[in-house]
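Student: Need the 3D shape of this:
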Amino acid sequence: MLLVMIWGGIWSVGISLGLYEFTDRLGVTIHKNFIGSIFIIGPIEEFSKLLALITSYIFIKNELDEPADGLIYMSCVALGFSLIENYFYATRTADSGYLLWLRLLISTPAHVFFSAFMGLAFYTLIKQKKGFSILVISFVYASLIHGLYNGVIFHNWILIFFILVVKFSHYWTLTLLSYATSKSPYRESITKFISNNKPILKKGIECLNCGDKAEKETYQKGKIHFQKCGNCSCFVTSHNSIYHIFHHFGSDFRVLTDHYFKERYSDIIDHDKKYSTLFKGNYICEKSKNAYFFLDDLHSALDEYNLNLQKHIEEKWWYPKSLLHYSMPQLEPVPQNAITPKNLPKPILRDLAFLEKTRKSDIPEETEYNKSLQIIIFIFLIMLLIIFPFVILFWEEYFNH
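Tutor: Reported below is the predicted structural model:
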């Protein structure tokens, strides 16, 4: 990665300087405004980074074995480009230290956010020998968002719009990273993690399913920790750990609050006691901030969650239908000694079936209306992005006169 950062950074800066020189020889004046940013600066710098990634292929061709690699190596090129650019800017000002730190904190991450999409598109094109349209779309996106970012800076415009540009590019990068991770052949399931790791006996969290407080076998990985109840064989964990489980095994690096359903389930015995859930397959007590789950239920929920991440990208209007190949991963076998809802007494199974039916009826499915609304909003945003620079120029022209 260090080699790609250095090589890609040098090549991308060199190519961009050459393109700027070529543009100048053509007699094109690069104005530091929205028009110049969107139609010249953004395309030149993003095209330079893409070419630099292509020249780096000789170093990384054996390393590109999962979609996230495309994002990572494109980010390395963007990082190298930004560091060299920061140095050039810093050496031209009196307060070079302040400017350097400011650009390291803002401009460097922004360059990574702008270009990451092209890395995923490049990987898709290299590995599947098709999907050139995605590369074109990713380049247009990178050029547009880069141009808007520069335009806001050149015009010293309101801070809120600057934050929106950076925030949007950051969110889209996390979305792409989540998608790429969900497609990884090396993605580890929670069932495989349990079967491949030896638990440690620790002080037990009270089981919300049966009330057992004894010591329990504990599985831990970073911020993820959960315990297997020896009495009912379900797993207990904390509220926060459920989120980390979905971040890691569910491959989603974004904020998950939209998938949190508060007090959706009633307790089987005490119907006044409510449980919340993150997506599905787990039960969270708001009072104790603890949770429990059955392994096969959560495993299925995480597989479905990963599939939804793939559909979120692959059902976009711009995604080539020839590349559609997502499928639900096969459910891995649960250990024979695990007790699941299928093994529970019939009265409890009836209650669970009723709760699942109620839960499904509460979750609205995506309708044609929602899809049409998304298309309308998308068209509106594109029109706004196109018209906005002209509004700014008119505004400045009006006040200058």
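Student: pLDDT below threshold where in the stretch 251-400 of the chain?
Tutor: The stretch 251-400 of the chain contains residues with pLDDT under 70 at 265-272, 325-400.
Student: try it again with 90
Tutor: 257, 261-275, 286-287, 314-400 (pLDDT under 90).
Student: how far out from the middle of the chain is the helix or strand harbouring residue 163?
Tutor: In this structure, residue 163 sits in helix 159-182 according to DSSP states H and E. Here helix 159-182 shows a centroid-to-chain-centroid distance of 8 Å under the convention Cα atoms, centre = their mean, to the nearest Å.
Student: Now do the buried residues in it.
Tutor: 161-162, 165-166, 169-170, 172-182 (16 or more other Cβ atoms under 10 Å). The C-beta positions use only the backbone N, C-alpha and C, and glycine is treated the same way.
Student: try stretch 89-109
Tutor: Residues of stretch 89-109 classed as buried by neighbour count (16+ other Cβ under 10 Å): 90, 99-100, 103, 107-109.
Student: Does residue 233 belong to a helix, a strand or coil?
Tutor: coil (DSSP: H, G, I helix; E, B strand; the rest coil).
Student: Please export the C-alpha coordinates of stretch 317-325 as PDB.
Tutor: Taking only C-alpha atoms (Å, rounded to 0.1, in the frame of the first residue of the first chain), the coordinates of stretch 317-325 have been written out as PDB:
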ATOM      1  CA  TRP A 317     -30.600   2.200 -12.200                       C
ATOM      2  CA  TRP A 318     -27.000   2.800 -13.300                       C
ATOM      3  CA  TYR A 319     -25.800  -0.700 -12.300                       C
ATOM      4  CA  PRO A 320     -25.400  -2.900 -15.400                       C
ATOM      5  CA  LYS A 321     -27.800  -5.800 -15.300                       C
ATOM      6  CA  SER A 322     -25.100  -8.100 -16.700                       C
ATOM      7  CA  LEU A 323     -23.300  -7.900 -13.400                       C
ATOM      8  CA  LEU A 324     -26.200  -9.000 -11.300                       C
ATOM      9  CA  HIS A 325     -25.200 -12.100  -9.500                       C
END
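Student: Give the closest residue to residue 245 in space, chain neighbours not counted.
Tutor: Closest residue to residue 245 apart from its sequence neighbours, by Cβ to Cβ, 6 or more residues apart in numbering: residue 224 at 5.7 Å.
Student: Determine the number of other residues adjacent to the one you found.
Tutor: Around residue 224 there are 20 other residues, counting by other Cβ atoms under 10 Å.
Student: tell me the mean pLDDT over the helix or strand containing residue 47?
Tutor: In this assignment (DSSP H and E), residue 47 forms part of helix 42-55. Averaged over helix 42-55, pLDDT sits at 93.
Student: Setting aside sequence neighbours, what's the nearest residue to residue 53?
Tutor: Once flanking residues are discounted, residue 53 sits nearest to residue 77: 5.0 Å by Cβ to Cβ, 6+ apart.
Student: Remind me which helix or strand the one you found belongs to.
Tutor: In this structure, residue 77 is located in helix 67-90 according to DSSP H and E.
Student: returning to that earlier point: now do the phi/psi pair for the residue nearest to residue 245.
Tutor: phi -90, psi 130 (degrees, to the nearest 10).
Student: Buried residues of the next helix or strand after the helix holding residue 163, list them for me.
Tutor: Downstream of helix 159-182, the first helix or strand assigned by DSSP H and E is helix 190-196. Residues of helix 190-196 classed as buried by neighbour count (16+ other Cβ under 10 Å): 190-191, 194.
Student: what does stretch 64-78 give?
Tutor: For stretch 64-78, by 16+ other Cβ under 10 Å, it's 64, 66-78.
Student: helices or strands up against the helix or strand where residue 35 lies?
Tutor: Using DSSP H and E, the element containing residue 35 is helix 34-36. Other elements packing on helix 34-36 under the criterion 3 or more Cβ pairs under 8 Å, 6 or more residues apart in numbering; DSSP states H and E are helix 132-154, helix 368-400.
Student: quick one, the first one and helix 67-90 angle?
Tutor: Counting by axes from the mean of the first three to the mean of the last three Cα atoms, to 10 degrees, helix 132-154 points 30 degrees away from the direction of helix 67-90.
Student: Centre of the chain to helix 132-154, how far?
Tutor: Distance, centroid of helix 132-154 to centroid of chain: 18 Å (Cα atoms, centre = their mean).
Student: Which residues belonging to it are considered buried?
Tutor: 134-135, 137-139, 141-152, 154.
Student: just to revisit the earlier point, can you put the buried residues of stretch 64-78 in TSV and add distance to residue 318 and pLDDT?
Tutor: As requested, the buried residues of stretch 64-78 are arranged in TSV below (distance: Cβ to Cβ, whole Å; pLDDT from 0 to 100):
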residue	distance to residue 318	pLDDT
64	23	91
66	22	92
67	17	93
68	21	94
69	22	94
70	17	94
71	18	95
72	23	95
73	23	95
74	19	96
75	22	95
76	26	95
77	23	96
78	22	95
